[in-house]
Every structure is written in structure tokens, then in C-alpha cells.
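Trainee: Okay, here's the prediction I keep looking at, along with the sequence it came from:
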Amino acid sequence: MDYTWDLSVLYQDFNDPKIESDFDALKALCRDAKEMLSQKDAEPKKVLEACEDKMEEVSRLISSLSSFASLSLAVDAGNEAAQQLMDRLEVFFVQVSLLSSALTRYVGGVEDLEKLIEESPKLQRVDFALRQKKLEAAHLMDPAIEEWMLKMSLTGSNAFSNLRDKLDATLTVDYRGEKLPLSAVRSKAYDPDPDVRREAYEAELAAYAKIEIPMAACLNSIKGESLTSIEATHFDSILDETLFYSNMDRATLDAMLTAIREALPAFRRYLRKKGEILGHKKGLPFYDLFAPIAPKDYTPPTFTIEEARQKLMTEMGKFTPDMAAFIDHAFQNRWIDVFPREGKGGGAFCAGLHHLDQSRVLTNFAGSFSDVSTLAHELGHAWHNRCMAGLPASMTNAPMPLAETASIFNETLLANAAMAQAGKAERFTLLEGSLMETTQCVVDIYSRYLFESAVIEKRKERTLSVSELKQLMLDAQEQSYGDGLDPDLRHPYMWACKSHYYIPGFSFYNFPYAFGQLFGAGVFSQYRQEGEAFVPKYCRLLRSCGSGMVADVAASVGIDVRSVDFWRESLNVYVRQIDQFITLADELMA
């Protein structure tokens, strides 16, 4: 079987004449839609209905063109034709943004939107998107400056973001007499040799000193532009802007953060116990956060890709046979690019091709249980995409807090099945793997939220120096990790390490991860309580993720995300895992 993905459903290659014809069609559609919106005497219902058709086609063309370019680059970083198409698209996206703003401005000016929706079956299909645009209209830039702001961002925040990525990608680290890429040195955090982990950490920190000044300039510039932008868009704060576009309210965020703060002592117990196992007395050094630990003489299981496929079909099929058939279809039809190779990006992701009712999944499968879990995670995203099949494109934009629901559900389902079948030694390693990842999604994410909040607040007055950024990061780690980490061996350069801080126009790319982890666990708990009857509710939940406010979508399956108790119960799943981990550690690792 071919384990590379098939992109020919989009275009045959970069010489395919359909690329240019689609690009021309996209330009014409945007031009026609803008002209339609400028007609002052046209009937609003007809304008909105016609624009809905045109925007659906715009979405299809953008998806085809950008997916072909980005997915090609993901597996072949040196593909010049793909990069050229991406560059052209990035410039053209200014016009797409202006069209989107024009539509939002038009909707904002419609006096009786609800009456129009009531009268039009076509508009009823996109009712939530229209209502959100009505609210968003109050946050549009003055049209006299919008185009210039967008164009300036190409040489402002976008340029600084690209510079940051180039600095990260080209930084070499002096490690044991070799010059290695930063990514290769960071991956040594998982090495079984403690000396390798420690020396790699020390070499990494030393290397950041080479790029700390331009990295700080990038961060200061991007956050500075964000602060200028919210003045132009009339948001009270950058956090308010993020919550607005996440379809989430402050009460939900506050409830989750309250529960996380309450749970931090339990996660610190896990970190201290792992530190003890590894011979540390002052908490866990940062370089041992991902250290592998296992009982003596235990060999973790490994999987071929076919074994992984069968395992996922078996376990997901217990939830619903439809999911097993879906996974089989994804493999058979080459939706998945499985193995690492030269030029292919690291990590894993899922990209939806909504207009084709397909997805594409990238993994770098090496055979560990963690790799099987990663495959389950990404196929969860693909299943989420399948559940939204047939919806208008504007109703499929699941906000980041809900976008991880299906992936975390799949991971949890797989982990629970593995735990039920495991002996003590395997259960211990599975618990360690689960807690290691959850600590990142809860404790580390909380530190990132605290850091970004502090940076934005101080950036209102002036730029921040490298030493200030390092200290703010250490302060955030103190508040989140506490005595779980060795106070002398933390990571002051995590602000340079994480690309999430440098995404133009998208701040606080952190708390949604915690939301996704805990919400997905909470949804799985509902499934455990209700059994097979929950399956159709779950699929309806996934289908509605882009069609309502986060709190309303959650309420559809009986979850109150504004209640601290919901988040406490989700976190208690991991608190109980921590208790089990410590008990087994005392028994097996003494």
C-alpha cells in the first residue's frame, strides 16, 4: 500500500492549467461580490443570498489552491513551485480579507436581519454566521485605512513572524562537538540517556543567546501591532478580541482557569514523583519533563502501520462501526502521509478539504504507542470534518476551543482501551505518557497564558528587553509549575521556542489547548455514562461546533462550561491518574 497522500483530487501538478483558471475565477468572484455589495438600491435579501453562493465558491477555490500549495510544502519543503503559489496567495488574501470585511459591513447595516433570515431558507442555513457578522461589524476598521493596514502587516507582523521562523529553522546548536539543527537538539529531551538530555538542554539555552535580540524584536513588534490593531477594531483588550473570535465568553475562561489553578498542586505531585524516580531532590529539571521512565526489564510494545490501523479500527469501531469504516476508507484512499522522510515537516496535523468531504493527515509514524495515539488524534479531526459534511463553509469554522474535541476524545478512547488491557508495568508507562502530555496541556499552557498576559500588559508602555522576557517566562513557570520544577533548572527561553506567540492577528494561542484537552475528556465521561445512546449526540455536537457559541454547543450534550464544577470533574480524571501513577511508582520503581 502507498503510505503517501494523494493530492491529485486537487490538481495534477503545479503545471496543471486548472490552477491558473481557478486563480482567475477566484479574482473574478471577489470582484463581482464586492460590486454586488456596493449596490445601494438592491434588495438586501437578494444581495445576501447571492453573496452566500459566491462566498461558498470563494471558499472552495481558496481551499483547493491553498491546500495544494501548503500540503505539497508539508512533505517537500524545497518545492519552489508550491512556495511561489503560497506567496501569490498570501498577497491576494488581502483582497479576500477586504471582501470579508465588506460583507460584514453590509450585514451590520441591515436593519432587520432576523426578518430576512426568517424569510429565506438559504439564509437560515448560515444564520449563526450572519448573526456573528452583525456583531463583528462593530469591530471593523475604518474602510479608509483597512486596506493599508492589511498591506502594511505583510511587511510588519507577517514579516516578523516569517523572520522568527527562519531564525528558528536556521539556528545551529553546538552539541558534543557537532553543529546540529535546533529541532534535532530539542528532540533529545526524549532520549533515555540522562546525560544526553541534560547536555542538550544546556546547549539549547546557550544557542538561543545567538538569536535572542532579533527574537525579542519580533515578539515586541507583533504584540505592538496587535495593540494598535485593537484600537482600530474597538476591542477593549487583545484577550477580548481572542474570546470574541473563539465564540467564547469570559465566564467560561474564568471557570476553566479557576479549576486549573486548584489542580496545580496535584500536577506538581506528579512532577516531583517523576523527579524522585530520576534521582532529583529539588523537583524535576526542565530537561527531564519528557524523560522516558519504565519499570526495569519492561519493553514497550511497538506497532507496524498495519497493526496500528487494525488497532484503531477495532477500538474506534467499538464506539461506532461507522468510525472504523471511515478509518479504513482514509487508509485505502491515501488520505494519510505516514512516514518521515527528507524534506517532510515534523509533527502531525489534519487538514480538511471540506468541499470534497475529505481530509488529509500528516504523521511521522515510527511505531510507538504514542505514534498510534497521534494517528488516533488526527483521525479524530478527520472524523470531525466528516460530521460537518454538507454544511455551508461559513458554518464549519469550529473555533479553536472546540476544534480539539474529537481528537482528544479519540485519544482518550484509545488510552482507556489500552489501560483496560494492560498489566501493571504497561499501565504505569501508559499513565506516565498520558500525564506527561496532559501536564503540557494544563500546566505549561497555563504558564504560556500567564506569560503572554504579562507581555501584552507591559508592551502597552514600551518594548521589553531580552532579560525582561526571560524573567517574565521564569515568573510564569514559577506560578504554574511551582515546586514541581527545580527552580534552578527551568527554561527562560520558552518565549523564543514557541511559535504560537508569533502568529499575526492571533494572540493567546494557548488556553484553547487546555480547553480542548479538558472538554474532550468531559465529553468522553458523558459517553461513559450514557453508552451507545451518546453516539448520535456526539456526532451532532461535532456537526454544530461552527454553528453556535461554545457554551451553547456544550449545553447540547448537557455540559455547562461556565461552571467550575465541570472543569474540576474533567481535571479529576487526571488527578486520579496521578494517584494511580504514584501508587504504581512506589510499587514498581522502588
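Mentor: Arrived safely, thanks for sending.
Trainee: Show me what the top helix by length along the chain is packed up against.
Mentor: Using DSSP state H, we find that the single longest helix of the chain is helix 44-75. Under the contact criterion of 3 or more C-beta pairs under 8 Å, 6 or more residues apart in numbering; DSSP states H and E, helix 44-75 touches helix 17-37, helix 80-109, helix 113-119, helix 121-124, strand 349-353, strand 358-362. Bear in mind the C-beta positions are built from the backbone N, C-alpha and C, glycine included.
Trainee: now those as JSON lines including distance to residue 205 and mean neighbour count?
Mentor: As requested, the helices and strands packed on helix 44-75 are exported to JSON lines (distance: least, C-beta to C-beta, whole Å; neighbours: other C-beta atoms under 10 Å):
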{"stretch": "helix 17-37", "distance to residue 205": "45", "mean neighbour count": "15"}
{"stretch": "helix 80-109", "distance to residue 205": "32", "mean neighbour count": "17"}
{"stretch": "helix 113-119", "distance to residue 205": "55", "mean neighbour count": "15"}
{"stretch": "helix 121-124", "distance to residue 205": "56", "mean neighbour count": "13"}
{"stretch": "strand 349-353", "distance to residue 205": "28", "mean neighbour count": "19"}
{"stretch": "strand 358-362", "distance to residue 205": "30", "mean neighbour count": "22"}
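Trainee: of all the ones you listed, which lies closest to residue 464?
Mentor: helix 80-109 (28.4 Å; C-beta to C-beta).
Trainee: Also compute the angle for the longest helix of the chain relative to strand 349-353, please.
Mentor: 140 degrees (axes from the mean of the first three to the mean of the last three C-alpha atoms, to 10 degrees).
Trainee: For helix 44-75, what is the distance to the chain centroid?
Mentor: 21 Å (C-alpha atoms, centre = their mean, to the nearest Å).
Trainee: Of all the residues in that helix, which ones are buried?
Mentor: Using 16 or more other C-beta atoms under 10 Å as the test for burial, helix 44-75 gives 44-45, 47-52, 54-55, 57-69, 71-75.
Trainee: next one: stretch 481-501
Mentor: In terms of neighbour count (16+ other C-beta under 10 Å), stretch 481-501 has its buried residues at 481-486, 489-498, 501.
Trainee: again, but for stretch 410-424
Mentor: Neighbour count says stretch 410-424 has 410-415, 417-418 buried, by 16+ other C-beta under 10 Å.
Trainee: what about the helices and strands packed on helix 44-75, which gets the closest to residue 216?
Mentor: Closest among the helices and strands packed on helix 44-75, using C-beta to C-beta: helix 80-109, at 25.1 Å.
Trainee: List the contacts of stretch 450-468.
Mentor: 212-213, 216, 219-220, 223-224, 226-227, 237-239, 469, 472-473, 475-476, 479-480, 494-495, 501, 507-508, 510 (C-beta atoms under 8 Å, 6 or more residues apart in numbering).
Trainee: same thing but 7 Å
Mentor: 212-213, 216, 220, 223-224, 227, 238, 472-473, 476, 479-480, 495, 501, 507-508, 510 (C-beta atoms under 7 Å, 6 or more residues apart in numbering).
Trainee: just to revisit the earlier point, can you lay out the helices and strands packed on helix 44-75 as JSON lines showing mean pLDDT?
Mentor: Listed next are the helices and strands packed on helix 44-75 as JSON lines, based on pLDDT from 0 to 100:
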{"stretch": "helix 17-37", "mean pLDDT": "95"}
{"stretch": "helix 80-109", "mean pLDDT": "93"}
{"stretch": "helix 113-119", "mean pLDDT": "95"}
{"stretch": "helix 121-124", "mean pLDDT": "96"}
{"stretch": "strand 349-353", "mean pLDDT": "95"}
{"stretch": "strand 358-362", "mean pLDDT": "97"}
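Trainee: Between the ones you listed, which one is closest to residue 180.
Mentor: With C-beta to C-beta as the measure, strand 358-362 is the member of those nearest residue 180 (23.5 Å).
Trainee: Which residues does that closest one contact?
Mentor: 5, 9, 71, 74, 330, 335-337, 348-353, 378-379, 381-382, 385.
Trainee: That one pairs with which strands?
Mentor: strand 336-337 (parallel), strand 349-353 (antiparallel) (DSSP bridges).
Trainee: if we can go back for a sec, and the average pLDDT for the longest helix of the chain is what?
Mentor: For helix 44-75, mean pLDDT rounds to 95.
Trainee: same deal with stretch 564-571?
Mentor: The average pLDDT for stretch 564-571 rounds to 96.
Trainee: now do stretch 297-307
Mentor: 93.
Trainee: What is the end-to-end distance of that stretch?
Mentor: Using C-alpha to C-alpha, to the nearest Å, one end of stretch 297-307 lies 24 Å from the other.
Trainee: residues contacting residue 264?
Mentor: 443, 480, 482.
Trainee: Same check on residue 387?
Mentor: If a contact means C-beta under 7 Å, 6+ apart, then residue 387 has 539, 542-543 as its contacts.
Trainee: can the contacts of residue 264 go into JSON lines with extra columns for pLDDT, secondary structure and distance to residue 232?
Mentor: Output for the contacts of residue 264, formatted as JSON lines (pLDDT from 0 to 100; DSSP: H, G, I helix; E, B strand; the rest coil; distance: C-beta to C-beta, whole Å):
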{"residue": "443", "pLDDT": "98", "secondary structure": "helix", "distance to residue 232": "35"}
{"residue": "480", "pLDDT": "98", "secondary structure": "helix", "distance to residue 232": "33"}
{"residue": "482", "pLDDT": "98", "secondary structure": "helix", "distance to residue 232": "39"}
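Trainee: Throw those into JSON lines and include distance to residue 196, thanks.
Mentor: JSON lines is the format used below for the contacts of residue 264 (distance: C-beta to C-beta, whole Å):
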{"residue": "443", "distance to residue 196": "24"}
{"residue": "480", "distance to residue 196": "26"}
{"residue": "482", "distance to residue 196": "27"}
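Trainee: Please parse this protein into its domains.
Mentor: The record's domain parsing of the chain by automatic domain parsing lists 17-154, 231-295+423-588, 305-397.
Trainee: The ones you listed: which one's closest to residue 177?
Mentor: domain 231-295+423-588 (19.5 Å).
Trainee: before we move on, back to that, mind checking which of the buried residues of stretch 481-501 land in helices?
Mentor: Counting by DSSP H, the part of the buried residues of stretch 481-501 found in helices is 481, 494-497.
Trainee: Adding distance to residue 395 and pLDDT, write the residues you listed out as a markdown table.
Mentor: Converted to a markdown table, these look like this (distance: C-beta to C-beta, whole Å; pLDDT from 0 to 100):
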| residue | distance to residue 395 | pLDDT |
| --- | --- | --- |
| 481 | 40 | 98 |
| 494 | 36 | 95 |
| 495 | 36 | 96 |
| 496 | 38 | 94 |
| 497 | 36 | 90 |
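Trainee: what two of these have the greatest distance between them?
Mentor: Pairwise over these, using C-beta to C-beta, the maximum falls at 481 and 496, 18.4 Å.
Trainee: ok so residue 303 is a strand residue?
Mentor: No. Applying DSSP: H, G, I helix; E, B strand; the rest coil, one finds residue 303 to be coil, outside a strand.
Trainee: Spit out the contact partners of it.
Mentor: Residue 303 sits next to 311, 367, 372 when contact means C-beta under 7 Å, 6+ apart.
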